[in-house]
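Colleague: What would the 3D arrangement of this be:
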Amino acid sequence: MSAVEFYRQHRVKLGVLLITALLVFWLAVAFQRSFLLLGDPEPVAKAIGAGYLLLPCIGAWALIRELLFGAQTQRMARQLEGEGGLPVDDLPRTPSGRIVRSAADSAFPAYEAEVEADPGNWRSWFRLSYAYDASGDRKRARRAMRDAAKLYRQDAAA
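Modeller: Reported below is the predicted structural model:
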């Protein structure tokens with residue numbers, strides 16, 4: 001496998017790895033700077049250090065949450081692929097590679113009806129998430145994927 005082929009197959013994972021490494025570096029620097037400020041004798045510097053300590057804590061929490069969400073989404077996709085239940089990517093695209101919005105909007109009602117018919121099925125929510133994403137509604141796509149993940153965890157626990 002050539003380097004170009006490797007990059008094409010793993011470019012999303014490589015991007016996530018790069019962003020994660022940069023964020024971890026920032027978190028380390030922010031922790032170090034906050035401890036320096038906490039060690040300063042000035043009360044204002046101590047207050048700024050305490051406040052600055054919150055930023056890397058929030059950043060670490062968000063990073064872990066997003067990485068776990070991505071890993072779970074990938075597990076669900078692999079299971080659906082094994083079952084032959086992934087949505088077919090046959091929508092027309094523009095020359096730049098974007099999905100034609102009107103085509104995505106016309107395919108959307110079928111996925112919505114599938115969720116309405118079986119709201120407790122994580123597979124339906126997963127496919128609805130893809131339909132939302134194809135239609136350009138990332139916020140609802142993410143919410144639908146979170147619903148799918150919640151139902152997936154409930155299925156696994158049962």
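
Colleague: Now the strand or helix carrying residue 21: buried residues?
Modeller: For residue 21, the element it lies in under DSSP states H and E is helix 3-38. Buried residues in helix 3-38, counted by 16 or more other CB atoms under 10 Å: 23, 27, 30, 31, 33, 34, 37. C-beta here means a position set from N, CA and C on the backbone, and glycine is covered the same way.

Colleague: Tell me the helices and strands packed up against that helix.
Modeller: helix 43-83 (3 or more CB pairs under 8 Å, 6 or more residues apart in numbering; DSSP states H and E).

Colleague: Give me the next element, helix or strand, following the helix it packs on.
Modeller: Heading C-terminal from helix 43-83, the first helix or strand you meet, by DSSP H and E, is helix 101-117.

Colleague: Report the separation between residue 143 and residue 69.
Modeller: 12 Å (CB to CB, to the nearest Å).

Colleague: Residue 126 too?
Modeller: 13 Å.

Colleague: same check, this time on residue 139
Modeller: Using CB to CB, residue 139 is found at 15 Å from residue 69.

Colleague: Looking at these two, which has the bigger crowd around it?
Modeller: Ranked by neighbour count (other CB atoms under 10 Å), residue 139 and residue 69 place residue 69 first, with 14 against 8.

Colleague: Count the residues that sit near residue 149.
Modeller: 20.

Colleague: Contact partners for it?
Modeller: Counting by CB atoms under 8 Å, 6 or more residues apart in numbering, residue 149 makes contact with 69, 72, 73, 76, 122.

Colleague: redo that, cut-off 7 Å
Modeller: Residue 149 is in contact with 69, 72, 73, counting by CB atoms under 7 Å, 6 or more residues apart in numbering.

Colleague: Adding distance to residue 11 and pLDDT, write the residues you listed out as CSV.
Modeller: Below are the contacts of residue 149 laid out as CSV (distance: CB to CB, whole Å; pLDDT from 0 to 100):
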residue, distance to residue 11, pLDDT
69, 19, 93
72, 21, 94
73, 17, 94
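
Colleague: Quick one: these as JSON lines, columns for distance to residue 59 too.
Modeller: Below are these laid out as JSON lines (distance: CB to CB, whole Å):
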{"residue": "69", "distance to residue 59": "16"}
{"residue": "72", "distance to residue 59": "21"}
{"residue": "73", "distance to residue 59": "21"}
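
Colleague: Nearest to residue 49 among these?
Modeller: For the contacts of residue 149, the residue nearest residue 49 by CB to CB is residue 69; the value is 31.0 Å.

Colleague: Having no further points to raise, I will conclude here.
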